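S.K.: Build me a structure from this.
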Amino acid sequence: MEGMTSHIAVITIDALDPRRVAGFWAAALGWQIVEEDADIVSIAPAHGAWPTIDVAKVPERKGVKNRLHLDLRADGSTAEEEVERLMALGARPADVGQPADASWTVLADPEGNEFCILARSVQDVTGS
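M.R.: Next up, the predicted model:
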């Protein structure tokens with residue numbers, strides 16, 4: 001069907017402890033928990049934009065490097081300050097084989113899901 005496209009509605013993260021992981025991502029992104037039950041915690045921006053993130057309970061620990069990950073840019077701070085803030089929230093450095101001179105920093109959330117902080121901030125990209 002010409003003209004029809006898909007849109008990302010929800011990004012799902014598996015976790016042993018959905019509340020803990022959702023709490024980390026809500027704090028990291030400045031989002032809020034919008035729905036919660038025993039097996040899934042949903043977070044979203046306050047203004048209701050999409051996509052949202054669902055953190056779903058699974059019985060097993062993460063075993064290998066993510067096949068899909070998020071790349072984040074700092075907003076209102078430097079990349080280095082953002083890395084420090086996220087580590088204070090519970091992130092930790094991760095090695096996925098990135099080069100020593102990489103222009104990004106790889107971190108992992110409290111259950112080991114890798115994500116990157118890009119060296120250029122939102123302000124660098126937009127010129128604000």
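
S.K.: What residues does Gly30 make contact with?
M.R.: For Gly30, the contacting residues are Pro45, by Cβ atoms under 8 Å, 6 or more residues apart in numbering. Any C-beta I mention is one placed from the backbone N, CA and C, and that applies to glycine too.

S.K.: Report the separation between Ser103 and Asp109.
M.R.: According to Cβ to Cβ, to the nearest Å, Ser103 stands 21 Å off from Asp109.

S.K.: Kindly report the same for Glu60.
M.R.: 16 Å.

S.K.: okay, those two: which has more neighbours?
M.R.: Using other Cβ atoms under 10 Å, the more surrounded residue of Glu60 and Asp109 is Asp109, with 24 against 7.

S.K.: For that one, which non-adjacent residue is spatially closest?
M.R.: Nearest residue to Asp109 in three dimensions, chain neighbours excluded: Phe24, at 5.3 Å (Cβ to Cβ, 6 or more residues apart in numbering).

S.K.: how about that neighbour, phi and psi?
M.R.: With angles defined as degrees, to the nearest 10, Phe24 sits at phi -60, psi -50.

S.K.: do the same with the one 10 residues further on
M.R.: Backbone geometry at Val34, expressed as degrees, to the nearest 10, gives phi -110, psi -20.

S.K.: what's the answer for Ala74, then?
M.R.: Here Ala74 shows phi and psi, under degrees, to the nearest 10, equal to phi -70, psi 150.

S.K.: Counting neighbours, what do you get for it?
M.R.: 21.

S.K.: Against Leu29, how distant is it?
M.R.: For Ala74 relative to Leu29 (Cβ to Cβ), the value is 12 Å.

S.K.: Glu80 too?
M.R.: 19 Å.

S.K.: do Asp37 as well
M.R.: 21 Å.

S.K.: one step back: ok, now which ones touch the residue nearest to Asp109?
M.R.: Residues near Phe24 by Cβ under 8 Å, 6+ apart: Leu89, Gly90, Ala91, Asp109, Pro110.
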